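Student: Following is a predicted model, sequence given first.
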There are 2 protein chains.
Amino acid sequence: MKRVLNIETTNKVNEEVLLKGWVSSIREHGNIIFIDLRDFSGLSQIVFTKKMGESYEIVKNEIKTEYILEVLGEVKERPENMINPELATGKVEIKAKEVKILSRAKTMPFPIDTDGYEINEKYRLEYRYIDLRRDRLKNNLKKRSDTINLMREILRKKDFVEIETPILSKSTVEGAREFLVPSRNFKGSFYGLAQSPQQYKQLLISSGFERYFQIARCLRDEDPRGDRQAEFTQLDIEMAFPEGKEEIMNLMEEIYIDVTQKIFPEKHIQQIPFPRMTYKEAMEKYGSDKPDMRKDKTDKNELAFYFITDFPMFEWKEEYKRWGACHHPFTLPQETDIEKIKKDPASILAHQFDLVLNGFEIAGGSLRAHDIDILKTSFAVMGHEEKDVRVQFKHYFDAFEYGIPPHGGIASGLDRFFAVALEEESIREVIAFPKTGDNKDLMMGSPSPVSKKQLKELGIKIEDE
Amino acid sequence: MKRVLNIETTNKVNEEVLLKGWVSSIREHGNIIFIDLRDFSGLSQIVFTKKMGESYEIVKNEIKTEYILEVLGEVKERPENMINPELATGKVEIKAKEVKILSRAKTMPFPIDTDGYEINEKYRLEYRYIDLRRDRLKNNLKKRSDTINLMREILRKKDFVEIETPILSKSTVEGAREFLVPSRNFKGSFYGLAQSPQQYKQLLISSGFERYFQIARCLRDEDPRGDRQAEFTQLDIEMAFPEGKEEIMNLMEEIYIDVTQKIFPEKHIQQIPFPRMTYKEAMEKYGSDKPDMRKDKTDKNELAFYFITDFPMFEWKEEYKRWGACHHPFTLPQETDIEKIKKDPASILAHQFDLVLNGFEIAGGSLRAHDIDILKTSFAVMGHEEKDVRVQFKHYFDAFEYGIPPHGGIASGLDRFFAVALEEESIREVIAFPKTGDNKDLMMGSPSPVSKKQLKELGIKIEDE
């Protein structure tokens, strides 16, 4: 007999059905036992009576919550006064005939029928597969999946092509610190895990993939800092020949309006189109480049999207005593006079913009320098010698010399967006298997020591303390 | 003025348009110059005449193939005898008014208007961003994107939820060799890059995500072997309570039939439903567990899908003098009598099946052991002591003790499927930025040496030769 989902029982009154799922709760009333059986579609109330004989005894003596059962029974309408309007299947119940235990379960290490915030997070992360049984996290991951799917639909309708780019990439000087992977075939050499598809997507533009996107996994070995993850997911977009940065901003705006309306309909967007504010104005008025512009900060359904534009191109890095890129060195400066750029880097603005939501930066984009002389100038201002840069970024500079159209793009950190939209304090609540702030996977017990043989194969040694 | 795509010009006869794209070819006929301008939508023929003056001179003296141009012009119907039926825009041409060079280009390192097989592959990989300009590779990546999108659509309609699982995972004893990533926060410890989401997806099943899928990036540090890639993409599926392995096989069959009919309509599937053959029969009749069952091997449009079923559970690993898992240790044996399994491992079959296409294994699936005693038995047969296994797979064994439903799943290697469907010999032809057989990225120059400072931060040293 084929399994029926709990939600399907509502259309099968007086029919025999085979249900499978988890025991959410057990209630005994005299000679009747009620079990709420849970599957991914919802709950069914199953009724076991003493006259079932053996099956009843199994239920009474053996079954505990979270056991996984197969139940054969008949769908019955509930009496009027027993209808549960809170439940999608609340008009029916299942009169059990047979029951089979498919899996027994130890007592859960913590409650799963609460929202879980009251439990020590380390404990929840160690038993993440149990933590994920709770409705809140199930809903978070489901909404995450639906949102990403909608983003793909929107972009594909506009002829954007999703292209996968490598995770095993190259270690480079610019940007955040990357994870290194020792090469076994080329001992002493390393891969760098891709921090983002930035270079690849610009190369794809040069190849003529004019509209690229990817739901991209990015990996960064950042210093332990509260709400970051070593690996995170971004919606990554790049396009050739944009009609100014407005086209990219408008695209991002369209995506987030559509996502809000379709996936988070209970939310309201404070202002459409999203207001634009310059970096200068934001800093002067709010002392922040990502001000929280909500009018009513107690309204959990208010989403205040803002674009912050016209960021400085360079910022002084006091620790290195040199200029660095405010965004990244591939950004297009608003000034294209090379002498002026070199003379006064502090005064140069960039065609760069961020999308801010309720005080969090959820996307950053820019037009890119597509003129190789501009690109060289940016690297020069940052104190990188051309010959060094040409070694590190050979393919990149070469690509420019073989022709690249004006282009631009944006990357949106999805984990943070989901945290805001799902009213979570931490991005860990919207990721299936997150790591701790210091990059530990408490469930898998990773990172962990490896064998001498493994290290020998890689040609590396652990340095003595 | 807003840019118009080449394909859109057919509806804009006698209108003024602004086109942007790459110079595919230049032909001079007396005082007329024809340029085929290429954008992602197609080609436009642009006509430049001497009376244009300065613009004509720019075209005549400066513009070369692969330059990127902005052209203002008027769409004109071609005279009847000039219509090019091969071209989507063959009924019109563009009378140029103004032209602007957006990007100059050096001479390409190799031709891009051929299929490219004649060029040394190393050279093509070094200049992959140029190689990707050719129609063949553009089409391959476009079809890849469309296929993956269709797979997602099919699965989402059936309530499968896409869930992202970690890339930074744990090093374990079983399976292929993984890449190791030294931890900076916990010196001397390492992450293992995920070889597949196998453990994560089974844990998700235990959490009640009854229908999981993911287009998953997998990383394996395998020995250099012709047509493998260190990172590859698989369609990864797992489901709770399957109606036997048939439900999983039928799902995979449905996906590949739909993909063939919608994305590769020129192909014909030899037999539907896909025939089933046992491993024993395949080995006896064809001496292979992935026989090429095409009736006519010269017919490039023939797709012979076959399921091979009933694989042995264990295979003797002569190099280690012990039993190993034929598929993986989490597979459900067909024999559930633990004593019989232990007594004669060679005789035990598994609920395992492969999908074979034209002689290539494109998917492998199984029902999983969900009974912890069976699981322990499999590990014991393979000579792993329970206490060691419980350390390595603590979370996994724990999850079983907290209850896990009967479940099963499948993983399909998409790169190989695309190679067959797109008639490519090598999977490198269907991947945007592939590495060589020995895991070198010739374009990025990776792997590469890193600085002493980077190694010191990670607490590792390179071993002297």
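Tutor: Ah, there it is.

Student: Pick out the residue in the stretch 351-465 of chain A sitting closest to chain B.
Tutor: Per CB to the nearest CB, residue A:403 is where the stretch 351-465 of chain A lies closest to chain B, at 3.2 Å. For the C-beta atoms, the positions are set from N, CA and C on the backbone; glycine is no exception.

Student: right, and that residue touches residue B:66 too?
Tutor: Yes - with contact defined as CB atoms under 8 Å, residue A:403 reaches residue B:66; the gap is 5.2 Å.

Student: which residues touch whatever residue of the stretch 1-150 of chain A ends up closest to chain B?
Tutor: Residue nearest to chain B within the stretch 1-150 of chain A: residue A:105 (3.2 Å; CB to the nearest CB). Neighbour list for residue A:105: A:64-68, B:401-403 [criterion: CB atoms under 8 Å, 6 or more residues apart in numbering or on different chains].

Student: Quick check: next helix or strand after the top strand by length along chain A?
Tutor: Assignment by DSSP state E gives strand A:16-29 as the longest strand of chain A. Following strand A:16-29 in sequence order, the next helix or strand is strand A:32-39 (DSSP states H and E).

Student: Quick one: residues in contact with that next one.
Tutor: For strand A:32-39, contacts defined as CB under 8 Å, 6+ apart pick out A:5-6, A:19-28, A:43-50, A:56, A:59-60, A:63, A:69, A:71, A:94, B:208, B:210.

Student: Kindly recompute the last result at 7 Å.
Tutor: With CB atoms under 7 Å, 6 or more residues apart in numbering or on different chains as the test, strand A:32-39 has contacts from A:5-6, A:19-27, A:43-49, A:59-60, A:69, A:71, B:210.

Student: The one helix or strand residue A:138 maps to: what's the following helix or strand?
Tutor: Assessed by DSSP H and E, residue A:138 sits inside helix A:135-157. Sequence-wise, the next helix or strand downstream of helix A:135-157 (DSSP H and E) is strand A:161-162.

Student: so does that following strand get close to chain B?
Tutor: Yes - Strand A:161-162 reaches chain B (CB under 7 Å from any CB of the partner chain) through A:161-162.

Student: again with stretch A:306-319
Tutor: No - applying CB under 7 Å from any CB, one finds stretch A:306-319 out of contact with chain B, separated by at least 14.0 Å.

Student: ok, back up a step: can you pull the contacts of the residue of the stretch 351-465 of chain A closest to chain B?
Tutor: A:206, B:66-68, B:103-105.

Student: go on, residue A:19?
Tutor: A:4, A:6, A:37, A:44, A:71, A:73, A:94.

Student: In this structure residue A:364 contacts residue A:409, no?
Tutor: No - judged on CB atoms under 7 Å, residue A:364 makes no contact with residue A:409 at a distance of 10.0 Å.

Student: And these two? Which one has more around it.
Tutor: Shown here are residue A:364 and residue A:409; by other CB atoms under 10 Å in any protein chain shown, residue A:409 has more neighbours (26 against 21).

Student: now the more buried one, nearest residue through space, not along the chain?
Tutor: Excluding its sequence neighbours, the residue lying closest to residue A:409 (CB to CB, 6 or more residues apart in numbering or on different chains) is residue A:238, at 3.4 Å.

Student: Which of the three states applies to that neighbour?
Tutor: Under DSSP: H, G, I helix; E, B strand; the rest coil, residue A:238 falls in the strand class.

Student: following the helix or strand where residue A:125 lies, which helix or strand comes up?
Tutor: Assigned by DSSP H and E, residue A:125 belongs to helix A:121-126. Proceeding N to C from helix A:121-126, the next assigned helix or strand is helix A:128-131, under DSSP H and E.

Student: is that following helix up against chain B anywhere?
Tutor: Yes - using CB under 7 Å from any CB, helix A:128-131 reaches chain B at A:129-130.

Student: circling back to that earlier point, next, the angle from the longest strand of chain A to strand A:32-39.
Tutor: Put simply, strand A:16-29 runs at 130 degrees to strand A:32-39, going by axes from the mean of the first three to the mean of the last three CA atoms, to 10 degrees.

Student: check contacts around the residue nearest to the spatial centre of chain A.
Tutor: Compute the mean C-alpha point of chain A, and by CA atoms, centre = their mean the closest residue is residue A:415, 3.4 Å away. Neighbour list for residue A:415: A:229, A:232-233, A:427, A:430-431 [criterion: CB under 7 Å, 6+ apart].

Student: Within reach of chain B, which of those are there?
Tutor: Subset of the contacts of residue A:415 in contact with chain B: residue A:233, counting by CB under 7 Å from any CB.

Student: Tell me the residues on the stretch 1-150 of chain A that lie near chain B, please.
Tutor: Within the stretch 1-150 of chain A, the positions lying close to chain B (CB under 7 Å from any CB) are A:2-3, A:20, A:22, A:39-40, A:66-68, A:102-106, A:108, A:129-130, A:132-133, A:138, A:141-142, A:145, A:149.

Student: still on that earlier bit, counting neighbours, which of the contacts of residue A:415 comes out on top?
Tutor: Neighbours here mean other CB under 10 Å. Within the contacts of residue A:415, the largest count is held by residue A:431, at 26 neighbours.
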